[in-house]
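Visitor: Got a sequence here, can you build the structure:
(one chain, ligands or ions: 2)
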Amino acid sequence: MSNYTIISPVTEKPVQELHLADVAETDAVISKAAKAFETWRLVAPGDRAKLLRKFAAIVDAHNEELAQLEVLNSGHTIGNARWEAGNVRDVLNYYSAAPERLFGRQIPVPNGIDITFKEPLGVIGIIVPWNFPMPIAGWGFGPALAAGNTVVLKPAELTPLTAIRLGELALEAGIPEGVFNVIPGKGSVVGNRFVTHPLVRKIVFTGSTGVGKEIMRGCADQVKRLTLELGGKSANIIFADADIEKAAAGAPGAVFDNAGQDCCARSRILIQRSAYDKFMELFEVAVKKFRVEDPSLDTAEMGPLISATQYQRVSEFLPEGTPIAFQGSKPSGPGYWFAPTVLAPKDSNDRAYREEIFGPVVSVLPFEDEADAIRIANDSEYGLSGSIWSRDLGRAVRVSRAVEAGNLSVNSNSSVRYWTPFGGYKQSGLGRELGPDALDSFTETKNVFFDTQG
Ligand code: NAP
Ligand code: MG
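Guide: Ligands and ions are numbered 1, 2, ... in the order given. Sure thing, here's the model as predicted:
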């Protein structure tokens, strides 16, 4: 038995003491979820849909409460936190349309009928990181429940409060006991048990690439299904023919949102050399204007980092003497505040340029032409997200086809929508979440042939 004290990243003061589950408690919940699967899978599609819509409505009615809880636990800006709770509602509503539409196929065969069914997998283990506790949880449990699975969900040790509340709201909505279970605990205990327990049929993991690889190795033992959403080092590629004003005005939000603790953060800015000076001038103005302040204020654009550990990790990317192009502001006093920081490395060998920092640090590198931009953008083991800025339509199409990343936006930094697929190339992940196809990764395709001759 162990306890964990949640610390506010804004005040550095304790918020709440929490019990962390051990292996025996985890096993008990997994058994409960396996038992609940026997009946949840048989709930009529229309009834399952209604329950998910009810869950969505209750989440919506508690939007402000959930948002305030995230500000308290995670230091997210209130604007972001409201969006995050709204995203859980939207994902539930979107997938509430799925139970009645989990179509199979009828495939022509001689002497009979051939039909495919989409069968649920069983218990799904969802392991959530601390950076977006609500949306990342919802991206897993929304489609998982809609497809007829039951869920065990482990929030990050640092940020369990909203997940625990969502578990309570599910019960309030009438989702039967045992169908959606939230188990706060350590990754090495609860998360690892999801991987080793034979009744957990699939893992949905979001977090660091290192832990993701360990989980993938663990899943191999049981050929356990797996979705991975891992790190990123996404490129914001700006051509000289783009609307440089617009690209520069949007660039701080594209990397400093959530204090840079975002797997989609555009943390490498690639700017065509002929527009470099103009961009940097405008970008500096935008960075200095970026409001880093008490996240409970409506005007806040960025809050503190999540923890003292994360502050330390980010700081290590900027050892004494690191040349900094310019920085934004941050409040003084308690809290894990880190000023938005812009680096202009001489080349792409810089550690801060190559590695995921997960903090408000961005590197700006010039490029010569289209081929050069594509080469530099793809020179990374990651491939999650990215932006392309150009007024030349042909170029925008060519570059967006050539960049090896799962979620791109052109003349925009907005690439996450609950109804479009999300996921990474290369070491940024495996599989896709959200959108119309996510249900495929929460079901098995079963093919049945019926002989009509006898
Ligand atoms: P992490 O260790 O990968 O944690 C993510 C989740 O996995 C947490 O719930 C964690 O539990 C759990 N976990 C840890 N070890 C596990 C294991 N052996 N088996 C099963 N589950 C396990 O990430 P982190 O330590 O919080 O952050 C480290 C770095 O990862 C960040 O600086 C960032 O670069 C990256 N990161 C990326 C994302 C993303 O969205 N792609 C999100 C978060 C972090 P605990 O809470 O107990 O550790
Ligand atoms: Mg960790």
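Visitor: And for residue 77, the neighbour number?
Guide: Neighbours of residue 77 under the rule other C-beta atoms under 10 Å: 27. For the C-beta atoms, the positions are set from N, CA and C on the backbone; glycine is no exception.
Visitor: From the centroid of this protein, which residue is nearest?
Guide: Nearest to the mean C-alpha position of the chain, by C-alpha atoms, centre = their mean, lies residue 136 at 4.8 Å.
Visitor: quick check: mean pLDDT across the strand or helix carrying that residue?
Guide: In this assignment (DSSP states H and E), residue 136 forms part of helix 133-146. Helix 133-146 shows an average pLDDT of 98 in the prediction.
Visitor: Packing partners of that helix?
Guide: Identification of packing neighbours for helix 133-146 by 3 or more C-beta pairs under 8 Å, 6 or more residues apart in numbering; DSSP states H and E yields helix 45-61, helix 63-74, helix 78-95, strand 123-127, strand 150-154, helix 161-172, strand 200-206.
Visitor: quick check: angle from that helix to helix 45-61?
Guide: 170 degrees (axes from the mean of the first three to the mean of the last three C-alpha atoms, to 10 degrees).
Visitor: got the residues of the stretch 351-454 of the chain near ligand 1?
Guide: Proximity of the stretch 351-454 of the chain to ligand 1, by C-beta under 6 Å from any ligand atom, involves residues 356, 358.
Visitor: if I pick the residue in the stretch 351-454 of the chain that ligand 1 sits nearest to, what's in contact with it?
Guide: When distances are taken as C-beta to the nearest ligand atom, the stretch 351-454 of the chain reaches nearest to ligand 1 at residue 358, 3.6 Å away. When contacts are counted by C-beta atoms under 8 Å, 6 or more residues apart in numbering, residue 358 is found next to 131, 231, 260-261, 265, 310, 313-314.
Visitor: let's see 10 Å
Guide: The neighbourhood of residue 358, defined by C-beta atoms under 10 Å, 6 or more residues apart in numbering, consists of 129, 131, 208, 231-232, 258-263, 265, 267, 305-306, 310, 313-314, 317.
Visitor: Let me see the domain layout of the chain.
Guide: Recorded structural domains for the chain (assignment: automatic domain parsing) are 2-230+428-451, 235-417.
Visitor: can you give me the helices for the stretch 351-454 of the chain?
Guide: Ranges of helices in the stretch 351-454 of the chain, per DSSP state H, counting those that start in this stretch, are 351-354, 370-378, 393-402.
Visitor: residues from the stretch 51-200 of the chain in reach of ligand 1?
Guide: Residues of the stretch 51-200 of the chain lying close to ligand 1 by C-beta under 6 Å from any ligand atom are 127-131, 154, 156-157, 186-188, 191-192.
Visitor: Farthest-apart pair in the residues you listed, please.
Guide: Comparing all pairs in these by C-beta to C-beta, the longest separation belongs to 131 and 192, at 20.5 Å.
Visitor: So what sits opposite residue 407 in the bridge?
Guide: Taking DSSP bridges, one obtains residue 385 as the residues bridged to residue 407.
Visitor: got any ranges where this protein has weak pLDDT?
Guide: Scanning the chain with the threshold set as pLDDT under 70 gives 1.
Visitor: got a list of what residue 244 touches?
Guide: Counted by C-beta under 10 Å, 6+ apart, residue 244 has contacts 238, 271-272, 275, 278-279, 281-283, 389.
Visitor: Against ligand 1, how distant is it?
Guide: Going from residue 244 to ligand 1 by C-beta to the nearest ligand atom, to the nearest Å gives 30 Å.
Visitor: same question, residue 164
Guide: Distance, residue 164 to ligand 1, by C-beta to the nearest ligand atom: 14 Å.
Visitor: pretty sure that residue contacts residue 180?
Guide: No: taking C-beta atoms under 10 Å as the definition, residue 164 is not a contact partner of residue 180, at 11.7 Å.
Visitor: what's the distance between residue 262 and residue 444?
Guide: For residue 262, the distance to residue 444 equals 33 Å [C-beta to C-beta, to the nearest Å].
Visitor: Of the two, which one has the most company?
Guide: Remark: of residue 262 and residue 444, residue 262 carries more neighbours, 21 against 15, as counted by other C-beta under 10 Å.
Visitor: from what I can see the more buried one touches residue 233, true?
Guide: No: here residue 262 lies out of contact with residue 233, judged by C-beta under 10 Å, at a distance of 11.8 Å.
Visitor: Between those two, which contacts overlap?
Guide: Residues touching both residue 262 and residue 233 by C-beta under 10 Å, 6+ apart: 384-385.
Visitor: First residue to last residue on stretch 254-271, what's the distance there?
Guide: Using C-alpha to C-alpha, to the nearest Å, the end-to-end distance of stretch 254-271 comes to 15 Å.
Visitor: For residue 190, give me its contacts.
Guide: Counting by C-beta under 10 Å, 6+ apart, residue 190 makes contact with 20-23, 25-26, 29-30, 125, 127, 152-155, 157, 183-184.
Visitor: do residue 151 as well
Guide: If a contact means C-beta under 10 Å, 6+ apart, then residue 151 has 33, 36-37, 40, 123-126, 137, 140-142, 144-145, 167, 170, 175, 178-182, 204, 442 as its contacts.
Visitor: can you do 8 Å?
Guide: By C-beta under 8 Å, 6+ apart, the residues touching residue 151 are 33, 123-124, 126, 140-141, 144-145, 179-181.
Visitor: Now the buried members of the residues you listed.
Guide: Buried members of these, counted by 16 or more other C-beta atoms under 10 Å: 33, 123-124, 126, 140-141, 144-145, 179-181.
Visitor: Out of those, the closest to residue 247 would be?
Guide: Among the buried ones among the contacts of residue 151, residue 140 lies closest to residue 247 (C-beta to C-beta), at 33.3 Å.
Visitor: Could I get the contacting residues of the closest one?
Guide: Applying C-beta under 8 Å, 6+ apart to residue 140 gives the contacts 124, 126, 128, 151, 153, 204, 227, 433.
Visitor: And for residue 256?
Guide: Applying C-beta under 8 Å, 6+ apart to residue 256 gives the contacts 265, 287, 290, 301-302, 328, 340, 360, 362.
Visitor: If we use 7 Å, what do you get?
Guide: Contacts for residue 256 were tallied using C-beta atoms under 7 Å, 6 or more residues apart in numbering; they are 290, 302, 340, 360.
Visitor: Nice, that's everything, thank you.
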